[in-house]
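[1] here is my input; please provide its structure:
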Amino acid sequence: MDKIVIASGNQHKIEEFRTLFAPLGITVIGMKECGTFAEPEETGTTFAANAVIKAEALCAQLGCTVISDDSGLEIDALNKEPGVYSARYLGHDTSYEIKNRNLIERVSGQADRTCRFVCAIALARPGRPTEVFEGTVEGTVAFQPAGGQGFGYDPIFYYPPLGKTLAEASEEEKNQVSHRGKAMRLLMEYLHHEEN
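    Numbering: from 1, shown residues only. Okay, here's the model as predicted:
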């Protein structure tokens, strides 16, 4: 395997994968570099299902190895909302500042503020079964957004072992504990084991 397509237009995510695969001599490219393709609708009810839908669709169209991830925030007091709708919560055009404030308001007064970030990474290859790697990180919904690092829901995700939100954590701290970091490490362990 010398090339992997990342089923994402998110440049930050593509760069994360480039950094991860560089030591293995694997070229990582974003899906936009492959031209246009029919992007499937993410109709799954789990993060893993949505990651698989996207990875398999792009793999079938391009005939090469594809990695896709789906991730989001689950808040226990809100029946695990926003869940698989994390990116679309309150609409695609709604800022995360508004989304974060809305979620803080919705859990206001709740005794249970537990939440988790979930990430599922799907690895699809022509003629092979799709593999899925999942990572989670447990935390609580912060009382106020805090921090300027990270993105998305990071400012309201308080991680007790660090004593701060993920948006207050350094990139190194976040990568050690994050849901995406955990899922990526599982993927890398799998690929390393497969080569040996």
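[2] direction included, what does the helix or strand hosting L73 pair against?
    Assigned by DSSP states H and E, L73 belongs to strand 66-75. Sheet partners assigned to strand 66-75 using DSSP bridges are listed as strand 3-6 (parallel), strand 81-82 (antiparallel), strand 114-124 (antiparallel).
[3] off-centre distance for it?
    4 Å (C-alpha atoms, centre = their mean, to the nearest Å).
[4] for the record, mean pLDDT for it?
    Per-residue pLDDT over strand 66-75 has a mean of 96.
[5] stretch 168-188 too?
    On average, stretch 168-188 scores 91.
[6] list the buried residues for that stretch?
    168-169, 173-175, 177-184, 186-187 (16 or more other C-beta atoms under 10 Å). No exception for glycine: its C-beta is placed from N, CA and C like everyone else's.
[7] from those, which single one is nearest R116?
    R116 lies nearest to H179 out of these, by C-beta to C-beta, at 7.5 Å.
[8] which residues sit in contact with the closest one?
    For H179, the contacting residues are S71, R116, F117, V118, C119, G135, T136, V137, by C-beta atoms under 8 Å, 6 or more residues apart in numbering.
[9] same question for H12.
    Shown in contact with H12 (C-beta under 8 Å, 6+ apart): F151.
[10] quick check: it is in a helix.
    Yes. The assignment for H12 is a helix, going by DSSP: H, G, I helix; E, B strand; the rest coil.
[11] per-residue pLDDT, it?
    79.
[12] cool, and C34?
    83.
[13] state the distance from it to Q176.
    32 Å (C-beta to C-beta, to the nearest Å).
[14] ok, K32 next?
    Counting by C-beta to C-beta, the gap from K32 to Q176 is 30 Å.
[15] burial count for E189?
    By the criterion of other C-beta atoms under 10 Å, E189 has 11 neighbours.
[16] what inclination does the worst-scoring helix or strand of the chain on mean pLDDT have with respect to strand 66-75?
    Here the helix or strand of the chain ranked lowest by mean pLDDT, DSSP states H and E is helix 11-21, holding a mean of 84. With axes from the mean of the first three to the mean of the last three C-alpha atoms, to 10 degrees as the basis, helix 11-21 and strand 66-75 are set at 120 degrees to each other.
[17] list the buried residues for helix 11-21?
    K13, I14, E16, F17, R18, L20, F21.
[18] out of those residues, who's nearest I156?
    K13 (20.4 Å).
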